[in-house]
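Asks: Based on what follows, work out the 3D shape:
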Amino acid sequence: MNPIETLGLALGAGFSSGLNVYATAATLGLLQRFGVLTLPPGLQVLAHPWVLGIAIALYLIEFLADKFPYLDTIWDAIHTFIRPPAAALLTYAAAGSAPAEWRWGAALLAGGVALTSHGTKASARAAVNTSPEPFSNWVLSFGEDILAVWLTWMATAHPLATTLIVAALVALSIFLLYHLFRFARRALHRLLAT
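Replies: Below you'll find the model as predicted:
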């Protein structure tokens, strides 16, 4: 992989893994399995039937867990320790032919991007859980899954465009995180004042 492909994959897989690591792994495996693309040698194992089956099964569990308010918050809390390291591992494996400094740099970048997207997702979902209706939770969940699958494909097919898209998404995430934390701080102050 050349540096642009490595960067595009690191950013795309990192951001999408922060949203849904199982959808990312399953998408990569399915794309390889059905010959849509050829993954780097370090990721071709994702197309193995056992690995693909586990990724799809875990995706289905996450798909269901994501639809229930508060269960999704617990799920996201647990996955704070899964999604960023998994993104780093996927990227490290993908950049197998790159020099060691590129592999480690890409892995660290992917982990950081995954933590950013995961933090934004978890914070937004916690804020939405305060709403009494379930539909906003479902809309966010479907949107996250669609974005994760699309961004994973983009990272493999159009790495330069993915780099630009993820840069914009990270900027949006930082903006949203800032405002979500301000919202949470105000709500906590109101709660403590009563």
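Asks: From now on I want contacts and neighbour counts done on CA atoms only, so please keep to that.
Replies: Will do.
Asks: P134 and L140, how far apart?
Replies: Separation of P134 from L140 (C-alpha to C-alpha, to the nearest Å): 10 Å.
Asks: quick one, which of these two is more surrounded?
Replies: Applying other C-alpha atoms under 10 Å to P134 and L140 shows that L140 carries more neighbours, namely 17 against 13.
Asks: Mind checking the pLDDT average for the helix ranked longest in the chain?
Replies: Looking across the chain with DSSP state H, the single longest helix is helix 159-193. For helix 159-193, mean pLDDT is 91.
Asks: same deal with stretch 78-98?
Replies: Averaging pLDDT along stretch 78-98 yields 92.
Asks: 159 is where my numbering starts, stick with that
Replies: Taking 159 as the first residue, the last one we looked at is stretch 236-256.
Asks: quick one: contacts of it?
Replies: 159-160, 164, 167-168, 171-172, 175-179, 197-201, 260-262, 264-273, 276-277 (C-alpha atoms under 8 Å, 6 or more residues apart in numbering).
Asks: and it, which residues are buried?
Replies: 237-238, 241-256 (16 or more other C-alpha atoms under 10 Å).
Asks: Look at that stretch and report the distance between its end residues.
Replies: Terminal residues of stretch 236-256 lie 32 Å apart, using C-alpha to C-alpha.
Asks: do stretch 193-212 as well
Replies: Terminal residues of stretch 193-212 lie 20 Å apart, using C-alpha to C-alpha.
Asks: residue contacts, P199?
Replies: By C-alpha under 8 Å, 6+ apart, the contact list for P199 reads 252, 254.
Asks: Give me the distance between it and G211.
Replies: From P199 to G211 the distance is 19 Å (C-alpha to C-alpha).
Asks: same for the helix or strand hosting Y180, what does it pack against?
Replies: Per DSSP states H and E, Y180 falls inside helix 161-191. Packing contacts for helix 161-191, counted by 3 or more C-alpha pairs under 8 Å, 6 or more residues apart in numbering; DSSP states H and E, involve helix 207-223, helix 241-252, helix 258-286, helix 293-315, helix 317-351.
Asks: try 10 Å
Replies: Judged by 3 or more C-alpha pairs under 10 Å, 6 or more residues apart in numbering; DSSP states H and E, helix 161-191 is in contact with helix 207-223, helix 229-237, helix 241-252, helix 258-286, helix 293-315, helix 317-351.
Asks: buried subset of the contacts of stretch 236-256?
Replies: Using 16+ other C-alpha under 10 Å as the threshold, 164, 167-168, 171-172, 175-179, 197-198, 201, 260-262, 264-273, 276-277 are the buried ones among the contacts of stretch 236-256.
Asks: Thanks a lot, catch you later.
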